[in-house]
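Asker: predicted model and sequence follow; I will ask about them next.
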Amino acid sequence: REDVNGSFRNVAVASQLHAFSNYHIVGADMWDGNDVATGIDPSLDNDRLDWLEITESKLLNYAATFDNIFREETSAVGLVARFKEIISTEEDIEVRKVAQEIVDNMERQSPLALSVVHRLMQEGAKTGQSLDACIERERHVQSKLYTMEDFRSWASKVSMRTRSSGDYCKWKHATLEDVSSDEVDEILG
């Protein structure tokens, strides 16, 4: 059986190992030289080398925290509902805060585009999907979305200086619930 993602496998692991090993070498300028007089090897002092803090990824932490939601929910509407459930029931303040940010960001987006992106994620998660196939599918979908009403309307309102949409919300569909599966299918077709 062909490994369609073989050329991409272990790249992230190798990158982290490289970054960690370079940190020790590059970080030598942090040592003040007093360690030499005491005979203590500064490379063995874990408190002096905050590599864990530096290499920590909030995105990966969030992905691990919310992975089950993305695996279990079959619609963008379901995703938002689950995040709202976390906001009202989760004890961990940080998790609630992140869930609220996710909901706020999702609700600012075009409901149609958000539904299409969710479907792209579902298609890409299927067995046998290669990175190349996912990129080509996304290119095809983006080229369609760029010609549609939501993008044209958004692009005409967004400041070219700031390239920020702020609270722009004049979308074709008012909510995710208003987006039909047929419309998403047509864009992906």
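Answerer: Done, it's in.

Asker: helices of the protein, start to end?
Answerer: Along the chain, the segments classed as helices by DSSP state H run 11-26, 34-38, 51-55, 58-72, 76-89, 93-108, 111-124, 131-145, 149-157, 181-188.

Asker: deepest-packed of those, please.
Answerer: The highest mean neighbour count among the helices of the chain, using mean count of other Cβ atoms under 10 Å, belongs to helix 111-124: a mean of 19. Quick note: C-beta positions are derived from backbone N, CA and C, even for glycine.

Asker: export that one as PDB, just CAs?
Answerer: C-alpha atoms of helix 111-124 as PDB (Å, rounded to 0.1, in the frame of the first residue of the first chain):
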ATOM      1  CA  PRO A 111     -21.400  31.200   7.300                       C
ATOM      2  CA  LEU A 112     -21.100  29.800   3.800                       C
ATOM      3  CA  ALA A 113     -17.300  29.900   3.800                       C
ATOM      4  CA  LEU A 114     -17.200  28.400   7.300                       C
ATOM      5  CA  SER A 115     -19.400  25.500   6.200                       C
ATOM      6  CA  VAL A 116     -17.300  24.900   3.100                       C
ATOM      7  CA  VAL A 117     -14.100  24.900   5.200                       C
ATOM      8  CA  HIS A 118     -15.600  22.400   7.600                       C
ATOM      9  CA  ARG A 119     -16.500  20.200   4.700                       C
ATOM     10  CA  LEU A 120     -12.900  20.500   3.300                       C
ATOM     11  CA  MET A 121     -11.600  19.400   6.700                       C
ATOM     12  CA  GLN A 122     -13.900  16.400   6.600                       C
ATOM     13  CA  GLU A 123     -12.900  15.400   3.100                       C
ATOM     14  CA  GLY A 124      -9.200  15.800   4.000                       C
END
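
Asker: ok so, going back, dump the helices of the chain to JSON lines, plus mean pLDDT and distance to Trp171.
Answerer: Below are these laid out as JSON lines (pLDDT from 0 to 100; distance: least, Cβ to Cβ, whole Å):
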{"stretch": "helix 11-26", "mean pLDDT": "50", "distance to Trp171": "35"}
{"stretch": "helix 34-38", "mean pLDDT": "53", "distance to Trp171": "60"}
{"stretch": "helix 51-55", "mean pLDDT": "53", "distance to Trp171": "38"}
{"stretch": "helix 58-72", "mean pLDDT": "82", "distance to Trp171": "23"}
{"stretch": "helix 76-89", "mean pLDDT": "94", "distance to Trp171": "13"}
{"stretch": "helix 93-108", "mean pLDDT": "90", "distance to Trp171": "10"}
{"stretch": "helix 111-124", "mean pLDDT": "93", "distance to Trp171": "6"}
{"stretch": "helix 131-145", "mean pLDDT": "92", "distance to Trp171": "12"}
{"stretch": "helix 149-157", "mean pLDDT": "82", "distance to Trp171": "5"}
{"stretch": "helix 181-188", "mean pLDDT": "94", "distance to Trp171": "13"}
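
Asker: great, nothing more from me.
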